[in-house]
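Participant: Here is a sequence together with a model predicted from it:
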Amino acid sequence: MEDTPLPPFNSTGEEPMSYALLPENKGYFYTHVIMMVLGFWIFMPMGIMLGIAKSSLHVPVQLLAFCFAIVGFFFGKMYGHSTPHLYEGNSHHTLGWILFLFLIVQMVVGIVRKVANAVGRSHKYECIDQTDESSSMSVSSSDHSEASIDTLHMNTAFDFDKEEEVYKRETVTTRLFHAVSPYIPKMIKQAFVALAYNKFTKVVCRYYHMIMGRTFVVLIFIQTLSGLVVYHGVCRSWEVLGCIAHLIKGGIFFFYGIMTFGRYLGAFADRGWAWNEVSNGSSFSFEMIECVLIFVYGITNTWMEHFGQNSAWTHKDLEHASLAFMWWWCGLIGILVESRAVRRLLQKSSSSYSLNPFPALTVLMTGISMGNHHQDSAYSTNMHFMWGLLLSCAAVCRFITYITLYRNVPDSRDPSRPPSELLGAFLLIAGSILFMASNSGTLTWLRSNNVDSMFMMNVCVALTSITLSYVAGLQILKAWAVKREERKRELANQFS
């Protein structure tokens, strides 16, 4: 089938104007983009990795990210108020306010946690001083020790068994608290300690700060995509539903590829998720997470594939619903196979890594199915075939990993780093980029700008390599920060 050539976008002046074609006030826009990239894509991910590594650089880097984000938000508002409203239902504007509020709350919770940690450490020091003066050990000092250990645990992200020597090094917050403490009346001090050091600040704030800090990665990704959609003026009116579906599903495969690459680099090795053997690792495998996500996605999207202006079911609606139905049951059988309770019931041995083929099988069949998905143009058909092929090849790479591990069983805690997983991660990310770009609105824009399949594939490979380099850089930063903190503890122990 031959595609009818499309004229350049807005060549007749009949199409809606987009921000990309609007020449006014570009300085505000470019400043907004640069500040947001520096704040949210450079410094904030760096701060998150430094926080996971429990580095002292976590706070200054996150403050730097906050400052860039605030400046970027200001210039974004300047650009929005100085240009006409060109996109009805501007989701980027709404999501921007939500992201900004989350950022403010995250900073406030971070400050609350710092104050709580300082109060907890000060409480510990006072208990030590009282113990030294009385030269006796009491039950209350034991209780305070337990409280101090709880305070120590607040600084951890995944594991909670760090050295007690952390109390030997006072932080800036702790020194500031000690400096002003003698001048505060005892009643006010007791009220402040009760308010700043309790279960809410120790537990609720810690988990919120930890979870929300990692959720920001997804929120930033969503906000970036919405910005691209609104700026170029694609996916308008009812077309936005198909656009959202492609971005969500493609985004899932995008982060799946990043997680696969992270496992290859050695992330989650202490849980046995890096293709290694850990006797006391996680209580569930990473494949169980994959199967649960496949099941939840399938059972929800089976009933959500018929949103649109037309109430009648079309052939495409049935194709999408059948795909979700497949995910539903493939996820369920994967959960049953992966369940360690079922394995114990069947008297089968289990290990920290898994050879469950159903997640990869689901991706393989999805790629084959979407490669044959009916489309209205040859361009769209070719695009769907390319990303379907990439996802299918990624699934084959996972099968190669399983065959390799079955023949050479891991017996070490060190990550085994099978090269097939590296190739699989690359194919997943490349396929996901084409998946997100294959919605009707974006394809119409690409055809209008004479972007052919070859050019699109080359750009896709380049973006995939950039993504992998970006993730590798963050992982390297985390490893460096861990080594740095270890050296600092060694020096502190030498001079203590």
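Facilitator: Received, thanks. This structure is a prediction, so every number in the text was calculated from the model and none was measured.

Participant: Neighbours of Ser322, how many?
Facilitator: Residue crowding around Ser322 was assessed by other C-beta atoms under 10 Å; the count is 12. C-beta: built from backbone N, CA, C; applies to glycine.

Participant: next one: Asn90
Facilitator: Residues lying near Asn90 (other C-beta under 10 Å) number 16.

Participant: That one reaches Val230, doesn't it?
Facilitator: Yes: using C-beta atoms under 8 Å, Asn90 makes contact with Val230 at a distance of 5.6 Å.

Participant: Do a quick rundown of the strands in the stretch 1-150 of the chain.
Facilitator: Remark: no strands are assigned in the stretch 1-150 of the chain by DSSP state E, counting those that start in this stretch.

Participant: mind listing the helices for it?
Facilitator: 26-36, 44-52, 58-82, 91-134, 139-153 (DSSP state H, counting those that start in this stretch).

Participant: Out of those, the one nearest Tyr208 is which?
Facilitator: Nearest to Tyr208, of all the helices of the stretch 1-150 of the chain, is helix 91-134, at 5.8 Å by C-beta to C-beta.

Participant: what pLDDT, on average, does that closest one get?
Facilitator: Helix 91-134 shows a mean pLDDT of 76 in the predicted model.

Participant: Next: stretch 247-265.
Facilitator: 94.

Participant: What lies in contact with that stretch?
Facilitator: For stretch 247-265, the external contacting residues (C-beta atoms under 8 Å, 6 or more residues apart in numbering) are 218, 221-222, 225, 268, 273-275, 286, 290, 293, 297, 391, 394, 415, 417-418, 421-422, 424-429, 431-439, 467-468, 471-472, 475.

Participant: For that stretch, buried residues please.
Facilitator: Residues of stretch 247-265 classed as buried: 247, 249-251, 253-265 (neighbour count, 16 or more other C-beta atoms under 10 Å).

Participant: Put the buried members of the contacts of stretch 247-265 into a PyMOL selection.
Facilitator: Filtering the contacts of stretch 247-265 down to the buried ones (16+ other C-beta under 10 Å) takes a single PyMOL command:
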select buried, resi 221+222+225+268+273+274+275+286+290+297+391+394+415+418+421+422+424+425+426+427+428+429+431+432+433+434+435+436+437+438+439+467+468+471+475
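
Participant: mind checking which helix or strand of the protein has the lowest mean pLDDT?
Facilitator: In the chain, the helix or strand scored least confidently by mean pLDDT, DSSP states H and E is helix 139-153, which has a mean of 41.

Participant: Please report how far the closest residue to Gly331 other than its chain neighbours lies from Phe358.
Facilitator: The shortest distance from Gly331 to any non-neighbouring residue, by C-beta to C-beta, 6 or more residues apart in numbering, is to Phe295 (2.9 Å). Phe295 is 10 Å from Phe358, where distance means C-beta to C-beta, to the nearest Å.

Participant: Val461 now?
Facilitator: Taking C-beta to C-beta, one finds Val461 at 29 Å from Phe358.

Participant: For those two, indicate the residue with more neighbours.
Facilitator: Taking neighbours as other C-beta under 10 Å, Val461 and Phe358 compare with Phe358 leading, 21 against 14.

Participant: what's near enough to touch the more buried one?
Facilitator: Taking C-beta under 8 Å, 6+ apart, one finds 291, 294, 330-331, 333-334, 337 in contact with Phe358.

Participant: Take those and keep only those in helices.
Facilitator: Using DSSP state H, the members of those that fall within helices are 291, 294, 330-331, 333-334, 337.

Participant: that older thread, so which of the buried residues of stretch 247-265 belong to helices?
Facilitator: Going by DSSP H, the helices hold 247, 249-251, 253-265 from those.

Participant: Please spell out the ChimeraX selection for the buried subset of the contacts of Phe358.
Facilitator: In ChimeraX, a selection of the buried entries from these looks like this (16+ other C-beta under 10 Å):
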select :291,294,330,331,334,337
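
Participant: and of the contacts of Phe358, the nearest to Ile70?
Facilitator: Ile70 has its nearest neighbour among the contacts of Phe358 in Ile294, at 39.2 Å by C-beta to C-beta.

Participant: That closest one - nearest residue in space that isn't next to it in sequence?
Facilitator: Nearest one to Ile294, counting by C-beta to C-beta, 6+ apart, is Gly331 at 3.4 Å.

Participant: Is that neighbour in contact with Thr300, as I believe?
Facilitator: No: using C-beta under 8 Å, Gly331 is not in contact with Thr300, being 11.1 Å away.

Participant: So what touches stretch 275-283?
Facilitator: Defining contact as C-beta under 8 Å, 6+ apart, one finds that stretch 275-283 is touched by 263, 268-273, 340, 351-353, 401, 405, 409-418, 421.

Participant: how long is it from one end to the other?
Facilitator: One end of stretch 275-283 sits 15 Å from the other (C-alpha to C-alpha, to the nearest Å).

Participant: List the buried residues in that stretch.
Facilitator: Buried residues in stretch 275-283, counted by 16+ other C-beta under 10 Å: 275-278, 281.

Participant: Make JSON lines from those residues and add secondary structure to it.
Facilitator: Shown next, in JSON lines, are the buried residues of stretch 275-283 (DSSP: H, G, I helix; E, B strand; the rest coil):
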{"residue": "Trp275", "secondary structure": "coil"}
{"residue": "Asn276", "secondary structure": "coil"}
{"residue": "Glu277", "secondary structure": "coil"}
{"residue": "Val278", "secondary structure": "coil"}
{"residue": "Gly281", "secondary structure": "coil"}
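
Participant: Tell me the one of those residues nearest Ile104?
Facilitator: Looking at the buried residues of stretch 275-283 and their distance to Ile104, the nearest is Gly281, at 37.0 Å (C-beta to C-beta).

Participant: If we ignore the residues flanking it in sequence, what's nearest the closest one?
Facilitator: For Gly281, ignoring the flanking residues on the chain, the nearest one in space by C-beta to C-beta, 6+ apart is Gly272 at 3.2 Å.

Participant: does the one you found really touch Glu287, like I thought?
Facilitator: No: in this structure, Gly272 is not within contact of Glu287 by C-beta under 8 Å, at 11.1 Å.

Participant: Leaving out chain neighbours, which residue sits closest to Gln375?
Facilitator: Sequence neighbours aside, Thr381 is the residue nearest to Gln375 in space, at 4.2 Å (criterion: C-beta to C-beta, 6+ apart).

Participant: ah, wrong one, I meant Trp41
Facilitator: Trp41 sits nearest to Ile220 (C-beta to C-beta, 6+ apart), 6.8 Å away.

Participant: before we move on, what about Val119?
Facilitator: Per C-beta to C-beta, 6+ apart, closest to Val119 is Tyr197, 4.4 Å.

Participant: which strands and helices sit next to the helix or strand hosting Ala394?
Facilitator: Element membership for Ala394 (DSSP states H and E) is helix 378-407. Counting contacts by 3 or more C-beta pairs under 8 Å, 6 or more residues apart in numbering; DSSP states H and E, helix 378-407 is packed against helix 358-371, helix 419-437, helix 440-448, helix 453-495.

Participant: and the third one, C-alpha only, in PDB?
Facilitator: In this case it means helix 440-448. Extracted as PDB, the C-alpha positions of helix 440-448 are listed here (Å, rounded to 0.1, in the frame of the first residue of the first chain):
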ATOM      1  CA  SER A 440      -1.000   8.400  15.000                       C
ATOM      2  CA  GLY A 441      -0.400  12.000  16.100                       C
ATOM      3  CA  THR A 442       3.400  11.700  16.200                       C
ATOM      4  CA  LEU A 443       3.500   9.600  13.000                       C
ATOM      5  CA  THR A 444       1.500  12.300  11.100                       C
ATOM      6  CA  TRP A 445       4.000  14.900  12.400                       C
ATOM      7  CA  LEU A 446       7.000  12.700  11.300                       C
ATOM      8  CA  ARG A 447       5.600  12.200   7.800                       C
ATOM      9  CA  SER A 448       4.900  15.900   7.500                       C
END
